[in-house]
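Asker: need the 3D shape of this:
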Amino acid sequence: MAYKSNDLSVLSYANGFTLWHYATQDTAADVDTAGYFNEASHMIRQGDMIMANVDTDGTPAAGIFLVNANTGGVVDVADLTAVGATDTD
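Answerer: Numbering: from 1, shown residues only. As a prediction, the model looks like this:
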């Protein structure tokens, strides 16, 4: 699939930093591909964080992507840092 602008929203903004939320049926590996968020490059800055729910129609996962680059309209995020990945009970 591909980035959908309606699925990206601002959770908080302060001092030049934005915390975003994004939900998608795409896997984390798809989302962390350089260029996935290019359509939003005019809004997303290096250092921003994106709270994400990924693979919502398969094996859902959640976590945080750090925006590690936005140069010339090309946005790159680091691999997903998982949240709540282990449940032993």
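Asker: okay, residue 20: pLDDT?
Answerer: At residue 20, the predicted lDDT confidence score is 98.
Asker: contacts only, for it.
Answerer: Residue 20 makes contact with 8-11, 44, 48-51 under the criterion Cβ atoms under 8 Å, 6 or more residues apart in numbering. (Glycine included, C-beta is placed from N, CA and C.)
Asker: could you rerun that using 6 Å?
Answerer: With contacts taken as Cβ atoms under 6 Å, 6 or more residues apart in numbering, residue 20 has the following neighbours: 8, 50.
Asker: looking at this, it is in a strand?
Answerer: Yes: Residue 20 sits within a strand when classified using DSSP: H, G, I helix; E, B strand; the rest coil.
Asker: from residue 87, how far out is it?
Answerer: With distances defined as Cβ to Cβ, to the nearest Å, the gap from residue 20 to residue 87 amounts to 26 Å.
Asker: likewise residue 49?
Answerer: Distance from residue 49 to residue 87, by Cβ to Cβ: 23 Å.
Asker: which strands and helices sit next to the worst-scoring helix or strand of the chain on mean pLDDT?
Answerer: For the chain, counting by mean pLDDT, DSSP states H and E, strand 81-82 ranks last in confidence among helices and strands (a mean of 95). Under the contact criterion of 3 or more Cβ pairs under 6 Å, 6 or more residues apart in numbering; DSSP states H and E, strand 81-82 touches strand 61-71.
Asker: so what strands line up beside the strand it packs on?
Answerer: strand 49-54 (antiparallel), strand 74-77 (antiparallel), strand 81-82 (antiparallel) (DSSP bridges).
Asker: thought residue 69 was touching residue 76?
Answerer: Yes: look at residue 69 against residue 76 with Cβ atoms under 6 Å: they come within range, at 4.2 Å.
Asker: neighbour-wise, which of the two wins?
Answerer: Using other Cβ atoms under 10 Å as the criterion, residue 69 and residue 76 rank with residue 76 on top: 19 against 12.
Asker: show the contacting residues for the more buried one.
Answerer: Applying Cβ under 6 Å, 6+ apart, one finds that residue 76 lies in contact with 34, 68-69.
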